[in-house]
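**Q** This is a predicted model, with the sequence first.
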Amino acid sequence: MNPYRRSPAIILASSLVYLFLYAPIFVLILYSFNASRTNIIFAGFITNFEPRPTLQAGLVTASPCGPFHWFCELSHNREVMSAARNTLTIAVISTIVSTVIGTMAALALQRYEFKLKPFTQVSLYIPIVIPEIVMGIGILTLFSQLFGVLNEALKLQADSRLTLGLGTVIVSHIAFSIPFVTLIVQARLQGFDKSFEEAAMDLGANEWTTFRRVTFPMLLPGILSGCLLAFTLSLDDFVITFFTNGPGSTTLPIYLYGLLRRIITPQVNALSTVWIAIVFVAVLLIQQSQNRKV
Amino acid sequence: MPAEFAVELRDVVKQFVTPEGANLAAVDHVTMQIRNGEFFSMLGSSGCGKTTSLRMIAGFEWPDEGEVIIEGKPMGHTPPYQRNVNMVFQNYALFQHMTVFENVAFGLEMQRAGRKEIITRVGRSLDMVQLKGLDRRRPRQLSGGQQQRVALARALVNLPAVLLLDEPLGALDLKLRKEMQLELKALQQQLGITFIYVTHDQEEALTMSDRIAVMSLGKVRQMGTPQEIYERPSSRFVAEFIGESNFIDGRMVQISKEAAQVHVPALNMELSATPISGDLVAGEDVIVSIRPEKVQITNSINEMPNHMEGTVEKTVYIGSDTHLIIHTGSQNLKVWEQNRVSRIDPHAFYSSGQKIQLVILPENALIMKRE
């Protein structure tokens, strides 16, 4: 008999874990198809396709999009679309920049010996372990002080004054993503023998060609998963974005939070569902790239 | 005019900083001249400086003092990719993200060879190492021996002036290693390329090399043909490192150019023996080195020089040979006898307590300085 047979306690424990992890998500997704406008109870799916939305006693009974009524509403919502655009712009730019800087940092930490190396290594963990709200406040203070001084010194006019906005959000996202990228690429470098680079040079490749043809492709899985992690971190960051955004740079999490304070309509759920789908795909891709071995 | 030597190390020093902060000379004033077309081995245990010397020839390290000269040109700080040498790495260092073909083609691509030429030359060198038909595989899909061959093909396809090999057979099992030894030697003779081979395996060095440099603690202890190294080791260190030997203390009684008499108290006799170093003088304390397979066991009790009687203390049967410990005088001697007849009875060869007659020919007893 198998000594590791499934005991009832283990089945119970794992069921509970799955329940608490995924039940809220399932409910959230289910409610994004809710016929009720108030979204307090689930009033069934919207099944009828009609050219115009039909409302009866607080229920949406028919819609041109059928069950996907709230998703359609969402796509017609200018504020949501602008927030989505902002979120993606911030995520794409901050991911690219932090991946490049983070990878270079990992390579430098592996290759060179310098006095401040132990300090540099530890300083990578600080942004990860520090409470996000503390970092948010810190970044806000930095920007407001810096902009105050600069605006004063350069005597900038009202419309060209430095203010919080997309730029500041991007910079702060780059800052908190770098350590994650560096740590992931470093993990990849652990198994990377320098003899691969030596072999390339021995065969006639100069430093740049060696990097391009050997080092980079061999580190690519690590760089890719660092990149995807940075992307998801940026995509769903709320706290730091909350402190550093300004007019016109509202992101989806900030917008969603604003919606919640007014009324919870199934639109909120629809937005969350789309979002979960995107993050889920990103996580799958991270998994895939991690599983690729050198 | 081609240079006389493929590679020369002139008084090369390379120091490393130990974790404790001290300076350690990994290579300590080494001078070597490696001839064109030669199979040259650097032999020594780990930390003797052999790999560092090889890496300085490849250009991965630069000497702190002295000069590395390849084909007559001082290398200075020439980077590895501008040196006409190629290396086979201990762990093969095959590019895992490339196929076998791409791995072998890498060097030719760097030389900007044409597509057609690359295909022909890669094909030819994969044939040479008997890997035909595996060119689309990834290195991970090959056995250790096959990976080793890819590494060899990848280096040889560039037709370097010198091929550097850093313990390339270390990871293979014994049988494959022996096959590869013969194959490497055949390949080297066929191509006429200078091979510099680093190993800690004395048998490997003896099997393949034209010349061997025995190294220890960053210094070359002896350089010569396998015969010179084995038959005329210049010091106790070399005699001990390559093969086995009996070392017996003695005092020089009389010495001429080719022959000498040594008084050996442990055997209670005067041995006729062969002096190795030239500067030995009568009255000096010396060591006599005798290889175990060069002690002869005889039946006849005649008055030959260096004749002695002994008692068998212990016998170890190892198949091809019997290893005996023979007590003679106040000394235990290791003696190896070949088992020339086929017997199943364990006592058919020699047995403990048996009285035995030994003869050591004067050319088999080597006199060395006591270190």
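**A** Looks like it came in fine.

**Q** per-residue pLDDT, the residue of the stretch 1-150 of chain A found nearest chain B?
**A** Residue of the stretch 1-150 of chain A nearest chain B, by Cβ to the nearest Cβ: residue A:113 (10.0 Å). Backbone N, C-alpha and C define where each C-beta goes, glycine included. The model reports residue A:113 with a pLDDT of 83.

**Q** got it, and residue A:164?
**A** At residue A:164, the pLDDT value in this model is 84.

**Q** Now do the domain split for chain A, please.
**A** Residue ranges for the domains of chain A, per automatic domain parsing: A:8-71, A:78-262.

**Q** need the residues of chain B near chain A, please.
**A** By Cβ under 8 Å from any Cβ of the partner chain, the residues of chain B that approach chain A are B:58-60, B:79-81, B:85-87, B:89-91, B:93-97, B:106-107, B:110-111, B:154-155, B:158.

**Q** out of those residues, which are inside strands?
**A** B:85-87 (DSSP state E).

**Q** how far away is the residue nearest the centre of chain B from chain A?
**A** Centrality entry for chain B: nearest residue to the mean C-alpha point is residue B:205, 3.1 Å, by Cα atoms, centre = their mean. Taking Cβ to the nearest Cβ, to the nearest Å as the measure, residue B:205 and chain A are separated by 23 Å.

**Q** That residue: helix or strand, and which one exactly?
**A** Residue B:205 is part of helix B:202-208, with elements assigned from DSSP states H and E.

**Q** Against which helices or strands is the helix or strand that comes right after that helix packed?
**A** Tracing the chain C-terminally past helix B:202-208 and defining elements by DSSP H and E, one meets strand B:211-216 next. Using 3 or more Cβ pairs under 8 Å, 6 or more residues apart in numbering or on different chains; DSSP states H and E, the elements in contact with strand B:211-216 are strand B:39-43, strand B:219-224, helix B:226-231, helix B:236-241.

**Q** and these, which is most packed in?
**A** Using mean count of other Cβ atoms under 10 Å in any protein chain shown, the stretch among these with the greatest mean number of neighbours is strand B:39-43 (a mean of 26).

**Q** Can you list the strands that that strand pairs with?
**A** The pairing partners recorded for strand B:39-43 under DSSP bridges are strand B:194-199 (parallel), strand B:211-216 (parallel).

**Q** Alpha carbons only: can I get it in CSV?
**A** Only the C-alpha atoms of strand B:39-43 are listed here, as CSV (Å, rounded to 0.1, in the frame of the first residue of the first chain):
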residue,chain,number,x,y,z
PHE,B,39,52.2,16.7,-29.1
PHE,B,40,53.3,18.4,-25.9
SER,B,41,51.8,17.7,-22.5
MET,B,42,51.8,19.6,-19.3
LEU,B,43,51.4,17.1,-16.5
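
**Q** contacting residues around the residue of chain B found nearest chain A?
**A** Nearest residue of chain B to chain A: residue B:110, at 3.3 Å (Cβ to the nearest Cβ). Contacts for residue B:110 (Cβ atoms under 8 Å, 6 or more residues apart in numbering or on different chains) come out as A:203-205, A:209, B:81.

**Q** Around the closest residue in space to it that isn't next to it in sequence, how many other residues sit close by?
**A** Using Cβ to Cβ, 6 or more residues apart in numbering or on different chains and skipping the chain neighbours, the partner closest in space to residue B:110 is residue A:204 (3.3 Å). For residue A:204, the number of neighbouring residues by other Cβ atoms under 10 Å in any protein chain shown comes to 22.

**Q** Also the one 10 residues further on?
**A** Neighbourhood size, residue A:214 [other Cβ under 10 Å]: 24.

**Q** Name the spans of chain A whose pLDDT lies under the cut-off.
**A** Chain A contains residues with pLDDT under 70 at A:1-5, A:290-294.

**Q** Tell me which residue lies nearest the centroid of it.
**A** Nearest residue to the geometric centre of chain A (Cα atoms, centre = their mean): residue A:232, 2.2 Å.
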